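Enquirer: The sequence isn't on hand, but the structure is:
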DNA sequence: TCTGCGTCTTGATACTTATCAAAGAGGACA
DNA sequence: TGTCCTCTTTGATAAGTATCAAGACGCAGA
(Lines give C-alpha, C1' and ligand atoms only; values in the text may rest on other atoms or scores of the structure.)
Protein backbone atom coordinates (compact mmCIF):
# COMPACT_ATOMS: atom_id res chain seq x y z
CA UNK A 1 0.00 0.00 0.00
CA UNK A 2 1.53 3.25 -1.05
CA UNK A 3 -0.71 5.25 1.23
CA UNK A 4 1.65 6.46 3.95
CA UNK A 5 1.32 8.58 7.06
CA UNK A 6 3.43 11.58 7.77
CA UNK A 7 3.88 13.35 11.04
CA UNK A 8 1.32 15.85 12.22
CA UNK A 9 3.67 18.79 12.49
CA UNK A 10 2.60 22.39 12.78
CA UNK A 11 2.27 22.80 9.06
CA UNK A 12 -0.36 20.11 9.02
CA UNK A 13 -2.91 21.64 11.30
CA UNK A 14 -6.34 22.94 10.57
CA UNK A 15 -5.43 26.21 12.29
CA UNK A 16 -2.64 26.83 9.80
CA UNK A 17 -4.26 25.25 6.79
CA UNK A 18 -4.75 27.50 3.80
CA UNK A 19 -8.04 25.73 3.16
CA UNK A 20 -9.59 26.42 6.55
CA UNK A 21 -12.03 28.92 5.05
CA UNK A 22 -13.41 26.27 2.72
CA UNK A 23 -13.27 23.15 4.86
CA UNK A 24 -14.60 22.04 8.24
CA UNK A 25 -12.74 24.69 10.32
CA UNK A 26 -14.68 27.60 8.86
CA UNK A 27 -16.13 29.75 11.60
CA UNK A 28 -14.35 28.11 14.53
CA UNK A 29 -12.47 30.05 17.18
CA UNK A 30 -8.96 29.14 18.36
CA UNK A 31 -10.09 26.87 21.14
CA UNK A 32 -12.49 24.99 18.90
CA UNK A 33 -9.78 24.61 16.29
CA UNK A 34 -7.61 22.83 18.82
CA UNK A 35 -10.37 20.33 19.47
CA UNK A 36 -10.81 19.71 15.78
CA UNK A 37 -7.05 19.44 15.23
CA UNK A 38 -6.93 16.85 17.94
CA UNK A 39 -9.40 14.79 15.96
CA UNK A 40 -7.80 15.17 12.56
CA UNK A 41 -4.50 13.65 13.49
CA UNK A 42 -3.86 11.43 10.58
CA UNK A 43 -2.66 13.03 7.38
CA UNK A 44 -1.89 10.71 4.51
CA UNK A 45 -0.29 10.87 1.12
CA UNK A 46 -2.02 9.13 -1.74
CA UNK A 47 0.06 8.80 -4.84
CA UNK A 48 -1.34 9.26 -8.31
CA UNK A 49 -3.49 6.36 -9.42
CA UNK A 50 -3.93 4.93 -5.92
CA UNK A 51 -7.32 4.24 -4.40
CA UNK A 52 -8.04 5.90 -1.07
CA UNK A 53 -11.16 3.77 -0.64
CA UNK A 54 -13.31 1.47 -2.69
CA UNK A 55 -17.02 0.70 -2.78
CA UNK A 56 -17.79 -1.82 -0.07
CA UNK A 57 -14.99 -0.72 2.23
CA UNK A 58 -16.26 -0.11 5.76
CA UNK A 59 -16.80 3.56 6.41
CA UNK A 60 -14.86 4.83 9.37
CA UNK A 61 -13.56 8.22 8.42
CA UNK A 62 -14.25 11.11 6.14
CA UNK A 63 -11.34 12.40 4.12
CA UNK A 64 -10.63 16.03 3.30
CA UNK A 65 -8.44 16.74 0.30
CA UNK A 66 -5.43 18.77 1.39
CA UNK A 67 -3.49 18.90 -1.84
CA UNK A 68 -4.04 17.25 -5.19
CA UNK A 69 -7.05 15.99 -7.03
CA UNK A 70 -9.29 12.92 -6.81
CA UNK A 71 -12.03 11.35 -8.77
CA UNK A 72 -15.00 9.60 -7.19
CA UNK A 73 -16.84 7.04 -9.25
CA UNK A 74 -19.64 4.63 -8.56
CA UNK A 75 -20.36 1.37 -10.31
CA UNK A 76 -23.99 0.45 -10.92
CA UNK A 77 -25.39 -3.02 -10.43
CA UNK A 78 -25.12 -3.38 -14.18
CA UNK A 79 -21.42 -2.57 -14.14
CA UNK A 80 -21.60 0.93 -15.56
CA UNK A 81 -19.27 3.49 -14.06
CA UNK A 82 -20.24 7.05 -13.34
CA UNK A 83 -17.87 9.67 -11.99
CA UNK A 84 -19.81 11.74 -9.48
CA UNK A 85 -17.16 14.25 -8.43
CA UNK A 86 -13.62 15.50 -8.89
CA UNK A 87 -12.79 16.63 -5.34
CA UNK A 88 -9.98 19.10 -4.83
CA UNK A 89 -8.47 20.95 -1.87
CA UNK A 90 -10.83 21.48 1.06
CA UNK A 91 -13.53 19.12 -0.19
CA UNK A 92 -14.76 16.16 1.81
CA UNK A 93 -14.92 12.63 0.47
CA UNK A 94 -17.10 9.83 1.79
CA UNK A 95 -20.14 11.83 2.88
CA UNK A 96 -22.44 9.45 1.03
CA UNK A 97 -21.18 6.52 3.10
CA UNK A 98 -22.66 7.72 6.39
CA UNK A 99 -26.05 6.35 5.44
CA UNK A 100 -24.85 2.80 4.85
CA UNK A 101 -21.67 2.45 6.95
CA UNK A 102 -20.03 1.23 3.76
CA UNK A 103 -18.50 3.26 1.01
CA UNK A 104 -20.51 3.38 -2.18
CA UNK A 105 -18.00 5.35 -4.16
CA UNK A 106 -14.44 4.66 -5.20
CA UNK A 107 -11.84 7.37 -4.63
CA UNK A 108 -8.73 7.52 -6.80
CA UNK A 109 -6.00 10.14 -6.69
CA UNK A 110 -5.55 11.77 -10.09
CA UNK A 111 -2.18 13.17 -9.02
CA UNK A 112 0.04 12.84 -5.97
CA UNK A 113 -2.21 14.08 -3.19
CA UNK A 114 -2.54 14.53 0.54
CA UNK A 115 -5.63 14.03 2.61
CA UNK A 116 -6.72 14.57 6.19
CA UNK A 117 -8.58 11.71 7.77
CA UNK A 118 -11.50 12.55 10.07
CA UNK A 119 -12.73 9.60 12.15
CA UNK A 120 -16.46 9.92 11.83
CA UNK A 121 -17.79 8.63 15.12
CA UNK A 122 -15.37 10.90 16.98
CA UNK A 123 -16.43 13.77 14.76
CA UNK A 124 -20.08 13.22 15.66
CA UNK A 125 -19.09 13.31 19.31
CA UNK A 126 -17.35 16.61 18.82
CA UNK A 127 -20.27 18.08 16.88
CA UNK A 128 -22.46 17.64 19.93
CA UNK A 129 -20.29 19.93 22.01
CA UNK A 130 -19.26 22.42 19.32
CA UNK A 131 -22.44 23.89 17.81
CA UNK A 132 -20.51 25.97 15.33
CA UNK A 133 -18.68 22.92 14.05
CA UNK A 134 -21.98 21.07 13.86
CA UNK A 135 -23.51 23.80 11.78
CA UNK A 136 -20.50 23.99 9.48
CA UNK A 137 -20.62 20.23 9.00
CA UNK A 138 -24.28 20.45 8.09
CA UNK A 139 -23.47 23.24 5.67
CA UNK A 140 -20.88 21.06 3.99
CA UNK A 141 -23.31 18.15 3.72
CA UNK A 142 -25.97 20.47 2.38
CA UNK A 143 -23.50 22.05 -0.01
CA UNK A 144 -22.64 18.61 -1.36
CA UNK A 145 -26.30 18.09 -2.18
CA UNK A 146 -26.49 21.48 -3.86
CA UNK A 147 -23.37 20.69 -5.88
CA UNK A 148 -24.90 17.42 -7.00
CA UNK A 149 -28.02 19.26 -8.09
CA UNK A 150 -25.81 21.51 -10.17
CA UNK A 151 -24.39 18.49 -11.93
CA UNK A 152 -27.90 17.15 -12.51
CA UNK A 153 -28.75 20.43 -14.15
CA UNK A 154 -25.73 20.06 -16.42
CA UNK A 155 -26.51 16.44 -17.25
CA UNK A 156 -30.21 17.03 -17.78
CA UNK A 157 -30.42 20.30 -19.66
CA UNK A 158 -27.17 20.99 -21.49
CA UNK A 159 -25.77 20.11 -24.88
CA UNK A 160 -22.27 18.73 -25.24
CA UNK A 161 -20.69 22.12 -25.88
CA UNK A 162 -22.38 23.68 -22.85
CA UNK A 163 -21.47 20.75 -20.65
CA UNK A 164 -17.79 21.19 -21.40
CA UNK A 165 -18.00 24.95 -21.00
CA UNK A 166 -19.76 24.53 -17.65
CA UNK A 167 -17.17 22.00 -16.59
CA UNK A 168 -14.31 24.40 -17.27
CA UNK A 169 -16.10 27.27 -15.55
CA UNK A 170 -16.78 25.10 -12.52
CA UNK A 171 -13.08 24.29 -12.21
CA UNK A 172 -12.19 27.91 -12.75
CA UNK A 173 -14.50 29.05 -10.00
CA UNK A 174 -13.22 26.46 -7.58
CA UNK A 175 -9.62 27.48 -8.29
CA UNK A 176 -10.54 31.09 -7.71
CA UNK A 177 -12.13 30.22 -4.36
CA UNK A 178 -8.74 28.77 -3.40
CA UNK A 179 -6.82 31.87 -4.47
CA UNK A 180 -5.28 30.09 -7.41
CA UNK A 181 -5.12 31.53 -10.94
CA UNK A 182 -8.59 30.80 -12.29
CA UNK A 183 -7.78 30.98 -15.97
CA UNK A 184 -5.00 28.41 -16.17
CA UNK A 185 -6.41 24.96 -15.63
CA UNK A 186 -4.24 21.91 -15.54
CA UNK A 187 -6.72 19.09 -16.00
CA UNK A 188 -5.56 16.03 -14.12
CA UNK A 189 -8.23 13.81 -15.64
CA UNK A 190 -8.46 12.25 -19.09
CA UNK A 191 -10.96 13.17 -21.78
CA UNK A 192 -12.63 9.88 -21.03
CA UNK A 193 -13.07 10.84 -17.38
CA UNK A 194 -14.50 14.20 -18.34
CA UNK A 195 -16.88 12.50 -20.73
CA UNK A 196 -17.97 9.98 -18.15
CA UNK A 197 -18.63 12.77 -15.67
CA UNK A 198 -20.62 14.80 -18.19
CA UNK A 199 -22.50 11.96 -19.84
CA UNK A 200 -20.53 12.19 -23.10
CA UNK A 201 -18.09 10.04 -25.03
CA UNK A 202 -14.45 11.02 -25.05
CA UNK A 203 -14.49 11.88 -28.75
CA UNK A 204 -17.32 14.31 -28.17
CA UNK A 205 -15.43 15.94 -25.32
CA UNK A 206 -12.42 16.31 -27.57
CA UNK A 207 -14.53 17.86 -30.31
CA UNK A 208 -16.04 20.35 -27.91
CA UNK A 209 -12.61 21.37 -26.65
CA UNK A 210 -11.66 21.93 -30.27
CA UNK A 211 -14.80 23.92 -30.91
CA UNK A 212 -14.27 26.17 -27.90
CA UNK A 213 -10.66 26.62 -29.03
CA UNK A 214 -11.68 27.44 -32.60
CA UNK A 215 -14.18 29.95 -31.27
CA UNK A 216 -11.41 31.68 -29.34
CA UNK A 217 -12.81 31.00 -25.87
CA UNK A 218 -9.96 28.80 -24.70
CA UNK A 219 -6.55 27.56 -25.75
CA UNK A 220 -5.51 23.98 -25.21
CA UNK A 221 -2.15 22.30 -24.93
CA UNK A 222 -2.96 18.72 -24.10
CA UNK A 223 -4.44 18.77 -20.62
CA UNK A 224 -3.32 22.31 -19.95
CA UNK A 225 -6.22 24.58 -20.74
CA UNK A 226 -6.32 28.36 -20.68
CA UNK A 227 -9.55 30.28 -20.50
CA UNK A 228 -9.31 33.27 -22.83
CA UNK A 229 -12.81 34.63 -22.62
CA UNK A 230 -14.45 33.74 -19.37
CA UNK A 231 -17.38 36.06 -19.95
CA UNK A 232 -18.18 34.42 -23.25
CA UNK A 233 -18.05 31.00 -21.58
CA UNK A 234 -20.44 32.20 -18.92
CA UNK A 235 -22.73 33.77 -21.49
CA UNK A 236 -22.72 30.50 -23.41
CA UNK A 237 -23.83 28.59 -20.33
CA UNK A 238 -26.47 31.16 -19.49
CA UNK A 239 -28.15 31.44 -22.83
CA UNK A 240 -28.16 27.81 -23.72
CA UNK A 241 -28.25 26.45 -27.28
CA UNK A 242 -28.18 29.18 -29.87
CA UNK A 243 -31.59 28.44 -31.37
CA UNK A 244 -33.44 29.12 -28.16
CA UNK B 1 -52.52 31.02 0.80
CA UNK B 2 -54.04 27.59 0.76
CA UNK B 3 -51.40 26.23 3.10
CA UNK B 4 -53.26 25.71 6.35
CA UNK B 5 -52.39 24.40 9.77
CA UNK B 6 -54.29 21.68 11.50
CA UNK B 7 -54.16 20.72 15.09
CA UNK B 8 -51.41 18.50 16.38
CA UNK B 9 -53.59 15.73 17.67
CA UNK B 10 -52.41 12.27 18.57
CA UNK B 11 -52.68 11.03 15.06
CA UNK B 12 -50.16 13.61 13.97
CA UNK B 13 -47.21 12.59 16.08
CA UNK B 14 -43.93 11.08 15.12
CA UNK B 15 -44.49 8.35 17.67
CA UNK B 16 -47.63 7.20 15.90
CA UNK B 17 -46.56 8.01 12.37
CA UNK B 18 -46.52 5.13 9.95
CA UNK B 19 -43.42 6.63 8.38
CA UNK B 20 -41.32 6.70 11.52
CA UNK B 21 -39.10 3.89 10.26
CA UNK B 22 -38.17 5.90 7.21
CA UNK B 23 -38.01 9.42 8.56
CA UNK B 24 -36.17 11.25 11.33
CA UNK B 25 -37.63 9.21 14.23
CA UNK B 26 -35.90 6.00 13.18
CA UNK B 27 -33.98 4.51 16.07
CA UNK B 28 -35.28 6.81 18.79
CA UNK B 29 -36.67 5.57 22.11
CA UNK B 30 -39.95 6.79 23.61
CA UNK B 31 -38.41 9.62 25.54
CA UNK B 32 -36.46 10.89 22.58
CA UNK B 33 -39.56 10.71 20.43
CA UNK B 34 -41.32 13.07 22.80
CA UNK B 35 -38.54 15.58 22.41
CA UNK B 36 -38.74 15.35 18.65
CA UNK B 37 -42.53 15.56 18.68
CA UNK B 38 -42.27 18.70 20.71
CA UNK B 39 -40.19 20.21 17.92
CA UNK B 40 -42.34 19.10 15.02
CA UNK B 41 -45.46 20.86 16.11
CA UNK B 42 -46.60 22.34 12.92
CA UNK B 43 -48.28 20.08 10.41
CA UNK B 44 -49.55 21.70 7.25
CA UNK B 45 -51.68 20.79 4.30
CA UNK B 46 -50.46 21.79 0.87
CA UNK B 47 -53.02 21.43 -1.84
CA UNK B 48 -52.21 20.17 -5.29
CA UNK B 49 -50.35 22.69 -7.36
CA UNK B 50 -49.36 24.88 -4.42
CA UNK B 51 -45.78 25.83 -3.69
CA UNK B 52 -44.47 24.96 -0.24
CA UNK B 53 -41.38 27.08 -0.81
CA UNK B 54 -39.64 28.80 -3.66
CA UNK B 55 -36.01 29.47 -4.55
CA UNK B 56 -34.87 32.53 -2.65
CA UNK B 57 -37.22 32.03 0.29
CA UNK B 58 -35.40 32.24 3.61
CA UNK B 59 -34.68 28.81 4.97
CA UNK B 60 -36.09 28.27 8.42
CA UNK B 61 -37.46 24.78 8.49
CA UNK B 62 -37.10 21.43 6.87
CA UNK B 63 -40.27 19.76 5.70
CA UNK B 64 -41.02 16.07 5.85
CA UNK B 65 -43.65 14.72 3.51
CA UNK B 66 -46.39 13.06 5.52
CA UNK B 67 -48.85 12.23 2.78
CA UNK B 68 -48.88 13.05 -0.90
CA UNK B 69 -46.24 13.82 -3.46
CA UNK B 70 -44.06 16.78 -4.31
CA UNK B 71 -41.70 17.82 -7.02
CA UNK B 72 -38.56 19.83 -6.39
CA UNK B 73 -37.14 21.81 -9.26
CA UNK B 74 -34.30 24.27 -9.61
CA UNK B 75 -33.95 27.03 -12.14
CA UNK B 76 -30.50 27.70 -13.54
CA UNK B 77 -29.08 31.17 -14.10
CA UNK B 78 -29.96 30.66 -17.73
CA UNK B 79 -33.58 29.96 -16.89
CA UNK B 80 -33.61 26.22 -17.49
CA UNK B 81 -35.59 24.13 -15.07
CA UNK B 82 -34.45 20.79 -13.73
CA UNK B 83 -36.50 18.61 -11.45
CA UNK B 84 -34.14 17.14 -8.89
CA UNK B 85 -36.52 14.98 -6.87
CA UNK B 86 -40.07 13.72 -6.44
CA UNK B 87 -40.30 13.45 -2.63
CA UNK B 88 -42.93 11.22 -1.13
CA UNK B 89 -43.89 10.12 2.39
CA UNK B 90 -41.10 10.25 4.92
CA UNK B 91 -38.67 12.20 2.75
CA UNK B 92 -37.19 15.52 3.78
CA UNK B 93 -37.32 18.65 1.66
CA UNK B 94 -35.02 21.63 1.93
CA UNK B 95 -31.80 19.89 2.93
CA UNK B 96 -29.88 21.73 0.23
CA UNK B 97 -30.83 25.07 1.75
CA UNK B 98 -28.82 24.63 4.93
CA UNK B 99 -25.66 25.69 3.15
CA UNK B 100 -27.00 29.04 1.99
CA UNK B 101 -29.80 29.91 4.44
CA UNK B 102 -31.97 30.40 1.38
CA UNK B 103 -33.90 27.82 -0.55
CA UNK B 104 -32.41 26.94 -3.92
CA UNK B 105 -35.17 24.63 -4.96
CA UNK B 106 -38.88 25.10 -5.51
CA UNK B 107 -41.29 22.65 -3.92
CA UNK B 108 -44.72 22.06 -5.45
CA UNK B 109 -47.32 19.59 -4.30
CA UNK B 110 -48.31 17.23 -7.11
CA UNK B 111 -51.43 16.19 -5.20
CA UNK B 112 -53.11 17.24 -1.99
CA UNK B 113 -50.43 16.62 0.59
CA UNK B 114 -49.49 17.05 4.21
CA UNK B 115 -46.09 17.96 5.57
CA UNK B 116 -44.43 18.23 8.96
CA UNK B 117 -42.39 21.34 9.50
CA UNK B 118 -39.14 20.99 11.41
CA UNK B 119 -37.64 24.32 12.52
CA UNK B 120 -34.00 23.86 11.67
CA UNK B 121 -32.18 25.84 14.33
CA UNK B 122 -34.19 24.10 17.02
CA UNK B 123 -33.47 20.77 15.38
CA UNK B 124 -29.73 21.46 15.52
CA UNK B 125 -30.10 22.22 19.17
CA UNK B 126 -31.84 18.93 19.77
CA UNK B 127 -29.26 17.01 17.75
CA UNK B 128 -26.59 18.10 20.23
CA UNK B 129 -28.35 16.38 23.10
CA UNK B 130 -29.77 13.37 21.25
CA UNK B 131 -26.85 11.53 19.64
CA UNK B 132 -29.12 8.97 18.03
CA UNK B 133 -31.20 11.67 16.42
CA UNK B 134 -28.01 13.37 15.28
CA UNK B 135 -26.80 10.20 13.66
CA UNK B 136 -30.14 9.55 11.99
CA UNK B 137 -30.17 13.09 10.64
CA UNK B 138 -26.71 12.59 9.20
CA UNK B 139 -27.84 9.35 7.66
CA UNK B 140 -30.72 11.12 5.98
CA UNK B 141 -28.42 13.86 4.65
CA UNK B 142 -25.97 11.24 3.46
CA UNK B 143 -28.77 9.20 1.93
CA UNK B 144 -29.92 12.24 0.00
CA UNK B 145 -26.44 12.50 -1.51
CA UNK B 146 -26.46 8.81 -2.37
CA UNK B 147 -29.88 9.18 -3.98
CA UNK B 148 -28.62 12.07 -6.06
CA UNK B 149 -25.68 9.97 -7.21
CA UNK B 150 -28.15 7.35 -8.31
CA UNK B 151 -29.90 9.90 -10.48
CA UNK B 152 -26.56 11.02 -11.91
CA UNK B 153 -25.93 7.42 -12.86
CA UNK B 154 -29.30 7.33 -14.63
CA UNK B 155 -28.73 10.64 -16.39
CA UNK B 156 -25.17 9.90 -17.39
CA UNK B 157 -25.20 6.28 -18.47
CA UNK B 158 -28.68 5.24 -19.53
CA UNK B 159 -30.64 5.36 -22.75
CA UNK B 160 -34.18 6.68 -22.85
CA UNK B 161 -35.78 3.27 -22.42
CA UNK B 162 -33.59 2.40 -19.44
CA UNK B 163 -34.17 5.77 -17.85
CA UNK B 164 -37.93 5.24 -17.85
CA UNK B 165 -37.57 1.66 -16.64
CA UNK B 166 -35.28 2.80 -13.82
CA UNK B 167 -37.72 5.57 -12.94
CA UNK B 168 -40.60 3.13 -12.58
CA UNK B 169 -38.50 0.69 -10.57
CA UNK B 170 -37.38 3.47 -8.27
CA UNK B 171 -40.98 4.41 -7.55
CA UNK B 172 -41.88 0.78 -7.09
CA UNK B 173 -39.11 0.25 -4.57
CA UNK B 174 -40.04 3.34 -2.62
CA UNK B 175 -43.69 2.26 -2.48
CA UNK B 176 -42.61 -1.13 -1.24
CA UNK B 177 -40.52 0.46 1.51
CA UNK B 178 -43.73 2.14 2.66
CA UNK B 179 -45.73 -1.08 2.66
CA UNK B 180 -47.76 0.01 -0.31
CA UNK B 181 -48.47 -2.20 -3.33
CA UNK B 182 -45.29 -1.87 -5.38
CA UNK B 183 -46.69 -2.85 -8.74
CA UNK B 184 -49.51 -0.35 -9.05
CA UNK B 185 -48.10 3.11 -9.57
CA UNK B 186 -50.31 6.13 -9.81
CA UNK B 187 -47.99 8.72 -11.29
CA UNK B 188 -48.87 12.16 -10.00
CA UNK B 189 -46.51 13.91 -12.41
CA UNK B 190 -46.88 14.64 -16.11
CA UNK B 191 -44.86 13.09 -18.89
CA UNK B 192 -43.14 16.44 -19.20
CA UNK B 193 -42.09 16.33 -15.55
CA UNK B 194 -40.78 12.80 -15.94
CA UNK B 195 -38.86 13.86 -19.02
CA UNK B 196 -37.42 16.88 -17.30
CA UNK B 197 -36.31 14.72 -14.40
CA UNK B 198 -34.71 12.15 -16.68
CA UNK B 199 -33.19 14.49 -19.23
CA UNK B 200 -35.67 13.56 -21.97
CA UNK B 201 -38.44 15.25 -23.90
CA UNK B 202 -42.02 14.37 -23.08
CA UNK B 203 -42.57 12.70 -26.46
CA UNK B 204 -39.64 10.41 -25.82
CA UNK B 205 -41.00 9.50 -22.41
CA UNK B 206 -44.34 8.69 -23.98
CA UNK B 207 -42.68 6.53 -26.62
CA UNK B 208 -40.74 4.62 -23.99
CA UNK B 209 -43.89 3.96 -21.98
CA UNK B 210 -45.43 2.63 -25.16
CA UNK B 211 -42.41 0.48 -25.86
CA UNK B 212 -42.38 -1.01 -22.36
CA UNK B 213 -46.11 -1.64 -22.73
CA UNK B 214 -45.69 -3.27 -26.16
CA UNK B 215 -42.95 -5.45 -24.72
CA UNK B 216 -45.32 -6.63 -22.02
CA UNK B 217 -43.38 -5.22 -19.08
CA UNK B 218 -46.05 -2.76 -17.97
CA UNK B 219 -49.59 -1.73 -18.71
CA UNK B 220 -50.62 1.90 -18.82
CA UNK B 221 -53.89 3.63 -18.38
CA UNK B 222 -53.03 7.30 -18.53
CA UNK B 223 -50.99 8.02 -15.45
CA UNK B 224 -51.91 4.75 -13.81
CA UNK B 225 -49.14 2.31 -14.51
CA UNK B 226 -48.94 -1.34 -13.62
CA UNK B 227 -45.70 -3.24 -13.55
CA UNK B 228 -46.28 -6.67 -15.06
CA UNK B 229 -42.78 -8.03 -15.15
CA UNK B 230 -40.64 -6.44 -12.49
CA UNK B 231 -37.80 -8.90 -13.00
CA UNK B 232 -37.60 -8.05 -16.68
CA UNK B 233 -37.52 -4.36 -15.84
CA UNK B 234 -34.70 -4.97 -13.41
CA UNK B 235 -32.83 -7.11 -15.90
CA UNK B 236 -33.22 -4.37 -18.48
CA UNK B 237 -31.65 -1.83 -16.14
CA UNK B 238 -28.85 -4.19 -15.19
CA UNK B 239 -27.77 -5.26 -18.61
CA UNK B 240 -27.90 -1.90 -20.29
CA UNK B 241 -28.37 -1.34 -24.01
CA UNK B 242 -28.80 -4.57 -25.90
CA UNK B 243 -25.70 -4.27 -28.05
CA UNK B 244 -23.33 -4.28 -25.11
C1' DT C 1 17.60 10.20 -29.31
C1' DC C 2 14.58 6.70 -30.57
C1' DT C 3 10.82 3.53 -29.76
C1' DG C 4 6.47 2.07 -27.96
C1' DC C 5 2.21 2.85 -26.02
C1' DG C 6 -1.53 5.27 -24.27
C1' DT C 7 -4.08 9.49 -25.07
C1' DC C 8 -6.00 12.78 -28.01
C1' DT C 9 -7.77 14.56 -32.34
C1' DT C 10 -10.26 14.30 -36.51
C1' DG C 11 -13.22 12.17 -40.11
C1' DA C 12 -17.19 9.29 -41.95
C1' DT C 13 -21.25 7.09 -40.82
C1' DA C 14 -25.01 5.16 -37.89
C1' DC C 15 -28.09 5.59 -34.32
C1' DT C 16 -30.69 7.90 -30.71
C1' DT C 17 -33.36 11.52 -29.37
C1' DA C 18 -35.34 16.17 -30.35
C1' DT C 19 -38.34 18.80 -33.01
C1' DC C 20 -42.41 19.79 -35.54
C1' DA C 21 -47.03 18.45 -36.35
C1' DA C 22 -51.54 16.52 -35.73
C1' DA C 23 -54.84 13.59 -33.88
C1' DG C 24 -56.73 11.18 -29.74
C1' DA C 25 -57.84 10.71 -24.74
C1' DG C 26 -59.09 12.37 -20.29
C1' DG C 27 -60.75 15.56 -16.83
C1' DA C 28 -62.99 20.00 -15.16
C1' DC C 29 -66.76 22.65 -15.33
C1' DA C 30 -71.02 24.61 -16.91
C1' DT D 1 -74.03 15.52 -20.91
C1' DG D 2 -71.35 18.29 -23.73
C1' DT D 3 -67.53 21.42 -24.41
C1' DC D 4 -63.09 23.10 -23.69
C1' DC D 5 -58.59 22.57 -22.51
C1' DT D 6 -54.64 20.15 -21.28
C1' DC D 7 -52.12 16.09 -21.55
C1' DT D 8 -50.76 12.16 -24.17
C1' DT D 9 -49.80 9.44 -28.13
C1' DT D 10 -48.04 8.73 -32.62
C1' DG D 11 -45.76 9.95 -37.03
C1' DA D 12 -42.21 12.23 -40.07
C1' DT D 13 -38.11 14.57 -40.18
C1' DA D 14 -34.00 16.97 -38.30
C1' DA D 15 -30.31 17.47 -35.23
C1' DG D 16 -27.01 15.86 -31.96
C1' DT D 17 -24.11 12.46 -30.28
C1' DA D 18 -22.15 7.74 -30.53
C1' DT D 19 -19.60 4.54 -33.01
C1' DC D 20 -15.99 2.98 -35.92
C1' DA D 21 -11.62 4.04 -37.77
C1' DA D 22 -7.18 6.05 -38.54
C1' DG D 23 -3.63 9.10 -37.73
C1' DA D 24 -1.14 12.55 -34.57
C1' DC D 25 0.79 13.74 -30.39
C1' DG D 26 3.25 13.25 -26.13
C1' DC D 27 5.45 10.96 -22.54
C1' DA D 28 8.18 7.07 -20.39
C1' DG D 29 11.68 3.96 -20.79
C1' DA D 30 15.56 1.89 -23.42
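Expert: Ah, there it is. Keep in mind that what you see is a predicted model, and the values were worked out from it rather than measured.
Enquirer: Could you give the bridge partners of the residue nearest to residue A:186 when sequence neighbours are not counted?
Expert: Nearest residue to residue A:186, sequence neighbours excluded (CB to CB, 6 or more residues apart in numbering or on different chains): residue A:224, at 5.4 Å. For the C-beta atoms, the positions are set from N, CA and C on the backbone; glycine is no exception. Beta bridges link residue A:224 to residue A:186, residue A:221 when assigned by DSSP bridges.
Enquirer: neighbours around residue A:224, how many?
Expert: 11 (other CB atoms under 10 Å in any protein chain shown).
Enquirer: Pretty sure it sits against residue A:209.
Expert: No - counting by CB atoms under 8 Å, residue A:224 stays clear of residue A:209, with 11.6 Å between them.
Enquirer: Which stretches in chain A count as strands?
Expert: Shown for chain A, the strands assigned by DSSP state E span residues A:4-6, A:43-46, A:51-53, A:61-67, A:70-75, A:81-85, A:92-93, A:106-109, A:113-119, A:184-186, A:218-221, A:224-227.
Enquirer: Just send the ones you listed back as JSON lines, with mean pLDDT too.
Expert: Formatted as JSON lines, the strands of chain A follow (pLDDT from 0 to 100):
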{"stretch": "strand A:4-6", "mean pLDDT": "47"}
{"stretch": "strand A:43-46", "mean pLDDT": "93"}
{"stretch": "strand A:51-53", "mean pLDDT": "97"}
{"stretch": "strand A:61-67", "mean pLDDT": "97"}
{"stretch": "strand A:70-75", "mean pLDDT": "97"}
{"stretch": "strand A:81-85", "mean pLDDT": "97"}
{"stretch": "strand A:92-93", "mean pLDDT": "98"}
{"stretch": "strand A:106-109", "mean pLDDT": "98"}
{"stretch": "strand A:113-119", "mean pLDDT": "96"}
{"stretch": "strand A:184-186", "mean pLDDT": "95"}
{"stretch": "strand A:218-221", "mean pLDDT": "93"}
{"stretch": "strand A:224-227", "mean pLDDT": "94"}
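Enquirer: in chain A, which ranges drop under the pLDDT threshold?
Expert: For chain A, applying pLDDT under 70 flags the ranges A:1-11, A:240-244.
Enquirer: Which residue lies nearest the spatial centre of it?
Expert: The structure's chain A has its C-alpha centroid closest to residue A:87; by CA atoms, centre = their mean the separation is 1.6 Å.
Enquirer: how about that one, what does it touch?
Expert: A:65, A:69, A:70, A:72, A:93, A:107 (CB atoms under 8 Å, 6 or more residues apart in numbering or on different chains).
Enquirer: Next: residue A:153.
Expert: Neighbouring residues of residue A:153 by CB under 8 Å, 6+ apart: B:74, B:76, B:80, B:82.
Enquirer: Also residue A:54?
Expert: Per CB under 8 Å, 6+ apart, neighbours of residue A:54: A:103, A:106, A:107.
Enquirer: for residue A:81, same thing?
Expert: Listed by CB under 8 Å, 6+ apart, the contact set of residue A:81 reads A:73, A:74, A:75, A:196, B:157.
Enquirer: switch to 6 Å and redo it
Expert: A:73, A:75 (CB atoms under 6 Å, 6 or more residues apart in numbering or on different chains).
Enquirer: What of residue A:211?
Expert: Taking CB under 6 Å, 6+ apart, we find residue A:211 in contact with no residue.
Enquirer: Near chain B, which residues of chain A are found?
Expert: A:74, A:76-78, A:80, A:82, A:84, A:95-96, A:98-99, A:104, A:128, A:138-139, A:141-146, A:148-149, A:152-153, A:155-157, A:199, A:238, A:240 (CB under 6 Å from any CB of the partner chain).
Enquirer: Now which of those would you call buried?
Expert: Buried by 16 or more other CB atoms under 10 Å in any protein chain shown: A:74, A:76, A:78, A:80, A:82, A:84, A:95-96, A:98-99, A:104, A:138-139, A:141-146, A:148-149, A:152-153, A:155-157, A:199, A:240, out of these.
Enquirer: Can you list the residue ranges for helices in chain A?
Expert: Remark: helices assigned in chain A by DSSP state H are A:30-39, A:120-129, A:131-157, A:160-177, A:191-198, A:202-214, A:230-239.
Enquirer: need the ones you listed in TSV with distance to DNA strand C, can you?
Expert: Below are these laid out as TSV (distance: least, CB to the nearest atom of the strand, whole Å):
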stretch	distance to DNA strand C
helix A:30-39	37
helix A:120-129	33
helix A:131-157	9
helix A:160-177	10
helix A:191-198	4
helix A:202-214	3
helix A:230-239	14
